[in-house]
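*Asks:* Structure of the sequence below:
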Amino acid sequence: MRKGIVYEEGITIQRQIKDDIIARIRNETWKVGDQIPTEKDLAINYGVSRMTIRAALGSLVRDGLLHRKKGLGTFVAAKHFVRSQQYLLGLFEEMTSQGHKVRSSVLSFQSASPESIPEEIRPTPVGQLFLLRRLRYVDDIPMVLDDTYMHADIAREIESEDLTGQSLYQLVESKGIGISHAEKVIDSIAADAETAELMQCEVGCPLFFMVIRTFDNHGNEIMVSTDRIRGGGLYQIKLTSKRKHSSNAPYSATSD
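*Replies:* Coordinates of the predicted model:
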């Protein structure tokens with residue numbers, strides 16, 4: 001049994017081990033980016049089975065305090081990534097402004113038939129479309145699996161550009177296409193096997209699912225993106241909403 005932890009009755013051993021690991025992260029015994037000991041070493045240190053350790057670590061991964069790198073081990077996750085929805089900024093623009101390192105791995109950039117795109121996310125008007133699929137990293141953590149559908153004229157403008165280390169919005173604007181606004185719908189999903197492998201999380205790990213429709217200055221829809229975003233406390237969305245008053249009348253507790 002590891003020195004410094006005394007197991008208490010009435011609380012599961014898994015819970016106590018999880019709390020002890022959280023304490024070690026908070027007091028920076030293990031700092032952000034550090035690799036923690038292997039399951040085998042932790043099992044020896046805590047005097048429990050590897051199955052118990054695996055369950056405790058799995059819970060911490062889902063909570064966003066740890067993240068796994070396939071073939072490398074388990075690491076202390078970075079602090080929460082918080083994105084504000086007050087202004088229309090891409091991931092690259094917002095995260096770099098906060099001092100984070102952002103890069104993208106281009107998985108594919110190819111033509112896509114309208115029939116292959118679910119109707120609810122199909123760009124309009126329907127024509128020749130291209131799909132840009134990127135796995136986006138923040139501080140080397142795979143955070144977003146992004147599928148962006150765009151019309152052929154935009155795709156041809158950017159297909160020869162470096163898409164790994166810059167903002168797609170800024171790149172499109174550099175081609176003389178002004179971006180006005182975007183409509184976003186946010187849902188939650190569980191990672192399927194393919195997504196989990198790409199994002200180095202467990203199958204079923206929680207993800208935000210965001211559909212983003214982007215419009216130019218003339219009101220034309222130019223891109224539709226679907227983002228699968230790591231959740232579990234690792235990524236947060238901050239919304240700012242202003243109250244719209246119908247009158248300047250003072251609030252009354254008896255109002256309907």
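
*Asks:* So which elements touch the helix or strand Asp19 falls within?
*Replies:* Element membership for Asp19, per DSSP states H and E: helix 13-26. Packing contacts for helix 13-26, counted by 3 or more C-beta pairs under 8 Å, 6 or more residues apart in numbering; DSSP states H and E, involve helix 39-46, helix 50-63. For the C-beta atoms, the positions are set from N, CA and C on the backbone; glycine is no exception.

*Asks:* Mind checking which residue lies nearest the centre of this structure?
*Replies:* A centroid search over the chain (C-alpha atoms, centre = their mean) returns Ile229, at 2.8 Å, as the residue closest to the centre.

*Asks:* circling back: can you tell me which of the helices and strands packed on helix 13-26 is packed in deepest?
*Replies:* With neighbours defined by mean count of other C-beta atoms under 10 Å, none of these is more surrounded on average than helix 50-63, at a mean of 18.

*Asks:* Pull the residues that contact whatever helix or strand comes next after that helix.
*Replies:* Once the chain leaves helix 50-63, the next helix or strand it forms, by DSSP H and E, is strand 66-69. Counting contacts by C-beta atoms under 8 Å, 6 or more residues apart in numbering, the residues outside strand 66-69 that touch it are 36, 57, 60-61, 74-77, 141, 200-202, 234.

*Asks:* would you list those in CSV and tack on secondary structure and distance to Thr148?
*Replies:* Written out in CSV, the entries for the contacts of strand 66-69 read as follows (DSSP: H, G, I helix; E, B strand; the rest coil; distance: C-beta to C-beta, whole Å):
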residue, secondary structure, distance to Thr148
Ile36, coil, 35
Leu57, helix, 34
Leu60, helix, 32
Val61, helix, 28
Thr74, strand, 31
Phe75, strand, 29
Val76, strand, 31
Ala77, coil, 26
Ile141, strand, 21
Gln200, coil, 22
Cys201, coil, 22
Glu202, coil, 26
Leu234, coil, 22
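
*Asks:* Thanks a lot, catch you later.
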